[in-house]
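Participant: Using only what follows, build the 3D model:
(chains A, B, C, D, E and F)
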Amino acid sequence: MGMKTEEKMIIKGRRLDGREPDELREIEMKVGVIPNANGSAQVSFGNTVAIAGVYGPRLLHPKHLQRADTAILQCRYNMAPFSVDERASPGPSRRSIEISKVTRLALEPALFLEEYPETVVDVYIEILQADGSTRVTGINAASLALADAGVPMRDLVVALSGGKIDETPIIDLNGKEDNYSVADIPFAFMPRKKEITLLQMDGLLTPDEIKSIFKNLLKAGQTIYEMQKQALRKKYEE
Amino acid sequence: MGMKTEEKMIIKGRRLDGREPDELREIEMKVGVIPNANGSAQVSFGNTVAIAGVYGPRLLHPKHLQRADTAILQCRYNMAPFSVDERASPGPSRRSIEISKVTRLALEPALFLEEYPETVVDVYIEILQADGSTRVTGINAASLALADAGVPMRDLVVALSGGKIDETPIIDLNGKEDNYSVADIPFAFMPRKKEITLLQMDGLLTPDEIKSIFKNLLKAGQTIYEMQKQALRKKYEE
Amino acid sequence: MGMKTEEKMIIKGRRLDGREPDELREIEMKVGVIPNANGSAQVSFGNTVAIAGVYGPRLLHPKHLQRADTAILQCRYNMAPFSVDERASPGPSRRSIEISKVTRLALEPALFLEEYPETVVDVYIEILQADGSTRVTGINAASLALADAGVPMRDLVVALSGGKIDETPIIDLNGKEDNYSVADIPFAFMPRKKEITLLQMDGLLTPDEIKSIFKNLLKAGQTIYEMQKQALRKKYEE
Amino acid sequence: MRPDYILKLLENEERMDGRRMDEFRKIKVETQNIKKAEGSARVKMGNTDVIVGVKMEIGTPFLDTPNMGILKTGAEFTPIASPDFESGPPGEDATELARVIDRGIRESESIDLEKLCLNEGEKVWKVFVDAYIINHDGNLTDASALAAIAALKVAKIPKLEDDKIIRDVFEKDLPLLHTPITVTIGKVADKFIIDPNREEEEVLDAKLTVAVREDGMVCAMQKSGSHGLTTEDVEKMIDLAIKKSKELRKLL
Amino acid sequence: MRPDYILKLLENEERMDGRRMDEFRKIKVETQNIKKAEGSARVKMGNTDVIVGVKMEIGTPFLDTPNMGILKTGAEFTPIASPDFESGPPGEDATELARVIDRGIRESESIDLEKLCLNEGEKVWKVFVDAYIINHDGNLTDASALAAIAALKVAKIPKLEDDKIIRDVFEKDLPLLHTPITVTIGKVADKFIIDPNREEEEVLDAKLTVAVREDGMVCAMQKSGSHGLTTEDVEKMIDLAIKKSKELRKLL
Amino acid sequence: MRPDYILKLLENEERMDGRRMDEFRKIKVETQNIKKAEGSARVKMGNTDVIVGVKMEIGTPFLDTPNMGILKTGAEFTPIASPDFESGPPGEDATELARVIDRGIRESESIDLEKLCLNEGEKVWKVFVDAYIINHDGNLTDASALAAIAALKVAKIPKLEDDKIIRDVFEKDLPLLHTPITVTIGKVADKFIIDPNREEEEVLDAKLTVAVREDGMVCAMQKSGSHGLTTEDVEKMIDLAIKKSKELRKLL
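Facilitator: Model prediction:
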């Protein structure tokens, strides 16, 4: 939950950027943006931009970290120094350490890691512009990058945020909404079986409000899912 | 040696907390307080509380640190953030690095490390409340934890502090006495052969004063020795 | 290039310390100054003093860093806390990391590293007093230390700085000149074949000015070369 | 072998220590047992043992909240607590734990931070909440969060004299508006359990941590574990967490 | 095998991608594509891809230059950019890159630092120039330096209100006096090449990076590589760098 | 082999370099040989070679001693000094060395810290004492402590102009009240020796470092080594240290 403000965030049913409560920002997805990576993608939700690169599966060093029964998934979420209003110092913060962990857990259920014992799959996410919902934007980029790398997947992982502002349930919070929301919910799921793989929540909500936000998330998630698939198809068409 | 003060620290032969110069604070010792550890103990001297856990002997990794002729003893002395007046930042300070080293040297002579080649014995000491004499309280807890872990020992290691305040030799300095003492001596020994294994001194003393403090330390140390043995017996009675 | 000043740095053709533009400061070189090192040297250019120690070729650990076809050269340039006006905090700065790298590249072409596979040659340079031209002073010390260690060399590496101050090309900048120069050029070369192995430049120069400074550097470098050889001979005479 | 056995038990709604699926281990809450802290609590849930100490310091407010005190939450996995913990800076799990505890306190608007302003824009109280793990036998989150709110409830603001903190002399209680309670629900096969011990944690498919306020508002959630959950799962888990939070709240 | 082949080509003045020895790869310069930066540019040189963002913050001036703003240059070899890059603090090469970019800007007197003083001795603008490598296919120095000067050229100074920065509202352009261009010349056998890709870089004997101002003044040099150069080499390399800098300058 | 031989010699009260058990190696003390330091000394004890530099800076006093200057002591085991030393932050031994040197100076009340107050509660002199090991051949503690007090004795306070330090212009000597001397006594079998070289150090059972003031007061002690000592041992070692400290004091 964010700071308090006197300002109204929803006026005549519209959000300050003109969106309906259940409307996504403009979304762009592009696969194959980093030539050196085994897989990569850039995803933007409005002014939030994330780029993800996947390296691997590759042999894990040092050897004593290898696991004989499975590949290891490593994720790093990182913000570029120029991605935020006040320049961010390089290096991991407590926030980015936590996000790296929940990102890994959000992606892991989608992967057949057991097929690549002794290896590591490295997923690196760089936030180039931060205007709210950075972690879910990063997870979408990572999902596409993994698919682009040819890592076998049960399903794509679709991510977006939901929340409540003033009295209204909304989705896809931008930076200002993130600051002044009553609650926000970073969310990721695999659409095919509707399995939630990322779920966090900050703020104040009743169980019923949470249910209602879930509905919006699953619905809008379907749109993002189609866009992911289209972005992957587009690469092969080119 | 501490800061200067106009205040009298000994009034009519009594210390500010009512003790005689050669009187210990109330001491509590309890063995087996950490279920996960191979051995553990909590020791308090007045308001100073230390808890120690021993893990090992266990195989040392990485392998190139192993020694074919002996176990390695590793000690870490650490203060909880809430153990002191002004919150202590986590992580090692120069002070705690030095204390960790002298603690190791204080314990090492009591152990038959050569019986467990290629292994490590880890002794972790956490100070939960700091009111003077924390390192010696920690060594007492570590001595009990090692015995509790069944690590073979030549003798228990008994530790306490001595010093001089106003013109009087004292033992078991509390925090305030530590700040305003003329001198303080952290001290540990193995009572059976009266071998000193920790000896430091800060402040100003004549050789004769040192001798006189040593006598008090050896005497009061005997009391602590009995309490250590009783704490160990009590565990087996339970 | 340094800061601006109204002050004249060359008066009647003489620098503030009385030198001609193409005059070196007083140089001292002594070989074999660190008994424990395989090779060592102390070199001073005026008030700039560097001491270098060489350890190796010695087996490189951990093993996976070893190279089957060559020795590795490692260099560390470091300033003593008391070597500068304002006490320097210990630990590497970005400046010292860069200088360590260019120092390694300045020395590498002189060595037959391929003769010692799987080993490392460590060159440690400590600046004891900093009064300008510290990195080149360090390289001279390192060159002597390597020769002293008996590491086979194609040639000695001779280093010095050049630059421009007011309108005049100069060599061997002292600290004040470094601060107020129009340009400075750290420079190292192997005199026998006149191969430049260190070349950096800060400031503003025309290509012709650079040429003219190069001439001065090569000429004065010859003097330093002779001094290096004499310092080495002197060791064996003793 | 052992994990398989534990798993089989759970699938039959049985637990290795004989508890029901929705039953806590024996819980003991002691407060004010750390003399140097302005507030403290030690919580034992079975063999899990956590101390939380609250320290009050003077600091500068953040630019965008010049009239509010500051909350800082830390968690240390001390190496005494488990053979798997190591010395060194907090890892991923300790960092996550600290942040989850922090969110429960912060998002419930538990501490009345505006009352901790001493001089707008210049000087405020900083409240340090440090969780110290003494023995790790599972469910660190619930135990630590319970210890945190218990410690905050008894915490006091020390006296100030000329901007210097007089320790041991207190002016008033730390102003609390709400008491969040954190309950973690585990899922294994199609069963839900609470308060897993460490061996049980290892066989769980997923967990959901839910922080609940005394007025029934959910104020924080965090999913973990390597398997997904459906929205139906989550909704059931939230309901169960709200229900069980009432039991824990009675211990305060 | 492959390196030998590349080397052989170069000795015959041929390149693996068919370029002439003194020909750049295709270069694309985009500016202001990072919305949160006060200035930004993304430069692609062939497959090398670098973003530079300029951020403006308020800081305290250095003691010896109380009336001048502060320039801080960083470079990150993000692990997305190459299988060889690792997470963690900047290594030797990233540190050198940052310092070489910094020197080009600083020594050319590019930014009018005196105009960035807000309150002598107390408050000045700090200009952060951060190079972020997105894909590494050689010649990072020229690409990063080009992105840096391109970003500075479009950078703006945000508005101040009561000493608080109002992001997204700008008062004026960042005051620039000069535009340095950095060109690196590689030497292999007795040939000189420009803009080596990563595989070519591996067979080079030596490189010389030269920063040149629009008035033809050389403002920074840095030799690298494991072989020596003669003064004649260096003089030729400087001339070539000056010549090729004109091509790059046209892209701004 | 070699250690056994050294041990055997010592048991017979003989030493590998022919010294008596209570004889120092040749000691050379040079002062003010580091031009940038406000005070400096280089001490050679046999092949052990240590430089101590004293730097004076302006700082803020500690809250509880608002009218006193600040002493900060550091020690670096530079990798030039021994094949066993490595680059990196100070380890356990360097940290201990720094703290033992510090205690000798601090506990003897050597520096008149009250005279280093410039503006109560706001501005005081900070005295940095940095020991730099150039060659390690044993007994680093005594050599470093001797260099430290020698450097402090010749240290000067630089001139201040508008709160800026004018280096190279000095106002007065650093005010010293006492000169502590540190002597380490080694014990092997039932023998005591002083000034062990590095090979001798390796066969010692225990060591006791004793700092002694010119008035005979003991101001710091530190036991090290892997064996215990009796109180009788300690008392003898203190007496020997006091006796030998007089020899060292003559070198100042």
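
Participant: Share the number of residues neighbouring the residue of chain D at minimum distance from chain A, please.
Facilitator: Closest to chain A within chain D is residue D:228: 2.8 Å, counting by Cβ to the nearest Cβ. Where you see a C-beta, it was placed from the backbone N, CA and C, and this is true even at glycine. Residues lying near residue D:228 (other Cβ atoms under 10 Å in any protein chain shown) number 28.

Participant: Return the residues in contact with the residue nearest to it when sequence neighbours are not counted.
Facilitator: Using Cβ to Cβ, 6 or more residues apart in numbering or on different chains and skipping the chain neighbours, the partner closest in space to residue D:228 is residue A:195 (2.8 Å). Taking Cβ atoms under 8 Å, 6 or more residues apart in numbering or on different chains, we find residue A:195 in contact with A:109, A:189, D:227-230.

Participant: could those go into a markdown table alongside secondary structure and pLDDT?
Facilitator: Shown next, in a markdown table, are the contacts of residue A:195 (DSSP: H, G, I helix; E, B strand; the rest coil; pLDDT from 0 to 100):
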| residue | secondary structure | pLDDT |
| --- | --- | --- |
| A:109 | helix | 96 |
| A:189 | strand | 98 |
| D:227 | coil | 95 |
| D:228 | coil | 96 |
| D:229 | strand | 97 |
| D:230 | coil | 97 |
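
Participant: Show me which of those are buried.
Facilitator: A:109, A:189, D:227-229 (16 or more other Cβ atoms under 10 Å in any protein chain shown).

Participant: Tell me who's in contact with residue 124.
Facilitator: All of this refers to chain A. A:52-55, A:75-76, A:78, E:78-80, E:87.

Participant: could you do chain D instead?
Facilitator: Listed by Cβ under 8 Å, 6+ apart, the contact partners of residue D:124 are D:58-61, D:67-70, D:116-118.

Participant: If we use 7 Å, what do you get?
Facilitator: By Cβ atoms under 7 Å, 6 or more residues apart in numbering or on different chains, the contact list for residue D:124 reads D:59, D:61, D:68-70, D:116-118.

Participant: Nearest to chain C, out of those residues: which one, please.
Facilitator: residue D:59 (24.9 Å).

Participant: If we ignore the residues flanking it in sequence, what's nearest the closest one?
Facilitator: residue D:126 (4.0 Å).

Participant: Just the CA atoms of the helix or strand hosting the one you found, as PDB, please.
Facilitator: Using DSSP states H and E, residue D:126 sits within strand D:123-135. Output in PDB follows, covering the C-alpha atoms of strand D:123-135 (Å, rounded to 0.1, in the frame of the first residue of the first chain):
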ATOM      1  CA  LYS D 123      14.000  14.600  13.400                       C
ATOM      2  CA  VAL D 124      11.800  11.500  13.900                       C
ATOM      3  CA  TRP D 125      12.000   8.300  15.800                       C
ATOM      4  CA  LYS D 126      13.300   5.300  13.900                       C
ATOM      5  CA  VAL D 127      11.900   2.000  15.100                       C
ATOM      6  CA  PHE D 128      14.200  -1.000  14.500                       C
ATOM      7  CA  VAL D 129      12.500  -4.400  14.600                       C
ATOM      8  CA  ASP D 130      15.100  -7.100  14.500                       C
ATOM      9  CA  ALA D 131      14.100 -10.800  14.400                       C
ATOM     10  CA  TYR D 132      16.800 -13.100  15.600                       C
ATOM     11  CA  ILE D 133      16.400 -16.800  14.900                       C
ATOM     12  CA  ILE D 134      17.600 -19.000  17.800                       C
ATOM     13  CA  ASN D 135      16.400 -22.300  16.600                       C
END
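
Participant: Check whether stretch D:160-167 comes near chain B.
Facilitator: Yes: counting by Cβ under 7 Å from any Cβ of the partner chain, chain B is contacted by stretch D:160-167 at residue D:167.

Participant: And the helices in the stretch 51-200 of chain D?
Facilitator: Ranges of helices within the stretch 51-200 of chain D are D:92-107, D:140-154, D:198-203, based on DSSP state H, counting those that start in this stretch.

Participant: Helix, strand, or coil at residue D:16?
Facilitator: Of the three states, residue D:16 takes coil under DSSP: H, G, I helix; E, B strand; the rest coil.

Participant: so who does it touch?
Facilitator: By Cβ under 7 Å, 6+ apart, residue D:16 lies in contact with D:6, D:9, D:199.

Participant: got the contact list for residue D:99?
Facilitator: Shown in contact with residue D:99 (Cβ under 7 Å, 6+ apart): A:94, A:98.

Participant: What distance do you get for it to residue E:191?
Facilitator: From residue D:99 across to residue E:191, the span is 57 Å (Cβ to Cβ, to the nearest Å).

Participant: what residues does chain A put near chain C?
Facilitator: Contact residues (Cβ under 7 Å from any Cβ) of chain A with chain C: there are none.
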